[in-house]
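*Asks:* Need coordinates for the below:
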Amino acid sequence: MAESFKSYPDHVALSFVDEKPLTYSDLKKNINALISFQEKLDIKKDDKVAILSTNSPNWGVCYLAQTFMGAVVVPLLPDFSAIEIKNILEHSESKVLFVSDNLRESIKGLKIDHLHTIVSIEDFSVIDTKKDIPVFDINSEPQKKYDVQEEDLAAIFYTSGTTGKSKGVMLTQKNICSNAIGGCKIQEILDTDNFLSLLPLSHTLENTVGFVIPMISGSAIYYLRKLPTPAVLLPALQKIKPDVMLAVPLIIEKIYRNKVLPTFQKSSTIKFIYSIGVFRKLLNKVAGKKLMKTFGGNLKFFGIGGAKLDPTVEKFLLEAKFPYAIGYGLTESSPMIAGVNPQDTRLGTTGPALEGVTIKLHNPDKITGEGEVWAKGPNIMKGYYKDPKLTREVLTEDGWLKTGDLATIDSNNFVYIKGRSKNVIIGSSGENIYPEDIESIINNFKHVLESIVVHQKGKLVAMVHFNSEELEQKYKHMKEEVTHYAENKISELESELQAYVNSRVNKFSQLQLVVASPDPFQKTATKKIKRFLYT
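*Replies:* Coordinates of the predicted model:
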């Protein structure tokens, strides 16, 4: 960061779209002022400071102030419940909480022994405190000098995972910085690049790749004040013309299914032409050019991570020449373990290990070559906060992280993730059934929004959330009551879907039952379904 402050003082650092930005010179001034403010709050090195906020320039100011003075950031996901927030603040022993106005309701009536001050992240004004009320002064400077070492704890990221238990992942300064430097070697980032941030900064993917990397590169990061609905996102894309964006699979899958695919299904003639390989590739290439224009025309890196991308959608992106790249990692690995740039993408792979990171497959199957991914390197977490037992379960004595993901590795060291070992369903004859593969087929069926495949009483069952609104719109011309007709149609779709899937999977992956779910499934910050709630 010191290099960015020195080399790019007048460059845009952080900004909301269409608002006055913070330059790197402004950013340095704001960080120093916030450190000075926290000194008045008696925050010292290693003290825990929490952030509960949607993305904003001041989120970055707050994060960097902690890392510069050696305090420990505790980023809270905006969609955490009030109970989760209370539990995490108590567990982390956070002394100060920075909160955005739109999330203040989540902490209403909050009383925690260690937490002595709550501050508005909008203007750094004190909302509540047990101490003398200090005032944030933009012109103030720190009174102390801070010696921050690479092995010092930088942040505790509490995961909202698919397994239900929130764990505090301890990441050091070295963990995060080494991962950011390794990421820069995959894709060159320039001081002229614009980033548009969509994912929560309290998730390690956005934090390391979408924040730390551009900050050490002198790039500009832009944020949206509102949720990224088409009405908000599309104008922002045209204004910012981002060079780099990050997304979870759900975002690009929605764009493909709602915008791209319908154009190839307008008529039986177009649908037939699209089914022919050579014509499909040509049509996808044309669609890719239009998609690039939609994203502003300058996109060079569209990073996808956090969950498995649907193979059909990936094939479209590859044939469309869209500059996507899939990365692989965990919060416990800061987060990147493997990755590749858009020029080297291959269907179904996350690419090779980052420079400095070693990957091996533990106990690989002699026939399939599949084994659990173990990773080792400077990016691997220090452990789980206050949980040495759980730490020993995932970290070996010699530093290997047991990821819990099953994969194969080809002769070029490209990693092919097959699925979570905990999600694998064992068939009646001992076969490995990967529910994610079946779900990708289900999700490409008409009117399906999302699905989850579970094992119940010896049967493979698909729980499916259909698009009821789409069905009601389609059949609104019917004389019958529309909602009633849509419900009957969903019942028909369940049978059609089962036949559709079973004609496309192997014998032991056949569905015995399809059940419609009226409500969307609950998800993590990276939009993965919380499987533990349904299995």
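*Asks:* Pull the contacting residues for the nearest residue to residue 191 once chain neighbours are set aside.
*Replies:* Closest residue to residue 191 apart from its sequence neighbours, by C-beta to C-beta, 6 or more residues apart in numbering: residue 218 at 3.3 Å. From N, CA and C alone the C-beta is placed, and that goes for glycine too. Shown in contact with residue 218 (C-beta atoms under 8 Å, 6 or more residues apart in numbering): 4, 7-8, 11, 24, 190-191.
*Asks:* swap the cut-off to 10 Å and go again
*Replies:* Shown in contact with residue 218 (C-beta atoms under 10 Å, 6 or more residues apart in numbering): 1, 3-9, 11-13, 24, 189-193.
*Asks:* what does residue 140 give?
*Replies:* 29, 32-37, 39-40, 134.
*Asks:* Check it and give its pLDDT.
*Replies:* pLDDT recorded at residue 140 is 96.
*Asks:* Mind listing what's buried along stretch 143-155?
*Replies:* Neighbour-count burial for stretch 143-155 flags 152-155 (criterion: 16 or more other C-beta atoms under 10 Å).
*Asks:* which element follows the helix or strand bottoming out on mean pLDDT in the chain toward the C-terminus?
*Replies:* Least confident helix or strand of the chain, by mean pLDDT, DSSP states H and E, is helix 468-474 with a mean of 72. As assigned by DSSP states H and E, the chain's next helix or strand after helix 468-474 is helix 482-502.
*Asks:* What helices and strands are in contact with that next one?
*Replies:* The contact analysis (3 or more C-beta pairs under 10 Å, 6 or more residues apart in numbering; DSSP states H and E) places helix 482-502 against helix 435-442, strand 448-456, strand 459-466, helix 468-474, strand 513-516.
*Asks:* same thing but 6 Å
*Replies:* helix 468-474, strand 513-516 (3 or more C-beta pairs under 6 Å, 6 or more residues apart in numbering; DSSP states H and E).
*Asks:* want to throw the contacts of residue 140 into CSV with secondary structure, pLDDT and distance to residue 421?
*Replies:* Putting those into CSV (DSSP: H, G, I helix; E, B strand; the rest coil; pLDDT from 0 to 100; distance: C-beta to C-beta, whole Å) gives the following:
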residue, secondary structure, pLDDT, distance to residue 421
29, helix, 98, 48
32, helix, 98, 47
33, helix, 98, 48
34, helix, 98, 43
35, helix, 98, 44
36, helix, 97, 48
37, helix, 97, 46
39, helix, 96, 47
40, helix, 95, 49
134, coil, 90, 50
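*Asks:* Just the buried ones among the contacts of residue 218, please.
*Replies:* 1, 4-5, 8, 11-13, 24, 189, 193.
*Asks:* Which one of these is nearest to residue 261?
*Replies:* Closest to residue 261 out of the buried ones among the contacts of residue 218 is residue 193 (30.7 Å), distances taken as C-beta to C-beta.
*Asks:* From residue 293, how far off is that closest one?
*Replies:* Applying C-beta to C-beta, to the nearest Å, the value for residue 193 to residue 293 is 19 Å.
*Asks:* With residue 521 instead?
*Replies:* In terms of C-beta to C-beta, residue 521 sits 33 Å off from residue 293.
*Asks:* Comparing those two, which residue is more hemmed in?
*Replies:* Using other C-beta atoms under 10 Å as the criterion, residue 521 and residue 293 rank with residue 521 on top: 19 against 12.
*Asks:* burial count for the residue nearest to that one when sequence neighbours are not counted?
*Replies:* Spatially, and ignoring its direct neighbours in sequence, residue 521 is nearest to residue 529 (4.4 Å; C-beta to C-beta, 6+ apart). Per other C-beta under 10 Å, the neighbour tally for residue 529 reads 20.
*Asks:* same check, this time on residue 404
*Replies:* 15.
*Asks:* Check residue 471 too.
*Replies:* The local packing of residue 471 (other C-beta under 10 Å) involves 21 other residues.
*Asks:* can you tell me how far it sits from residue 493?
*Replies:* Counting by C-beta to C-beta, the gap from residue 471 to residue 493 is 8 Å.
*Asks:* sorry, back to before: mind checking how far the least confident helix or strand of the chain is from the chain centre?
*Replies:* Offset of helix 468-474 from its chain centre (C-alpha atoms, centre = their mean, to the nearest Å): 30 Å.
*Asks:* Going forward, count from 9.
*Replies:* Got it, first residue is 9 now, which makes that one helix 476-482.
*Asks:* could you dump it to PDB, C-alpha only?
*Replies:* Output in PDB follows, covering the C-alpha atoms of helix 476-482 (Å, rounded to 0.1, in the frame of the first residue of the first chain):
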ATOM      1  CA  SER A 476     -43.900 -20.100 -10.500                       C
ATOM      2  CA  GLU A 477     -44.100 -16.400 -11.700                       C
ATOM      3  CA  GLU A 478     -42.700 -17.400 -15.100                       C
ATOM      4  CA  LEU A 479     -45.300 -20.200 -15.400                       C
ATOM      5  CA  GLU A 480     -48.200 -17.900 -14.400                       C
ATOM      6  CA  GLN A 481     -47.000 -15.300 -17.000                       C
ATOM      7  CA  LYS A 482     -46.800 -18.000 -19.700                       C
END
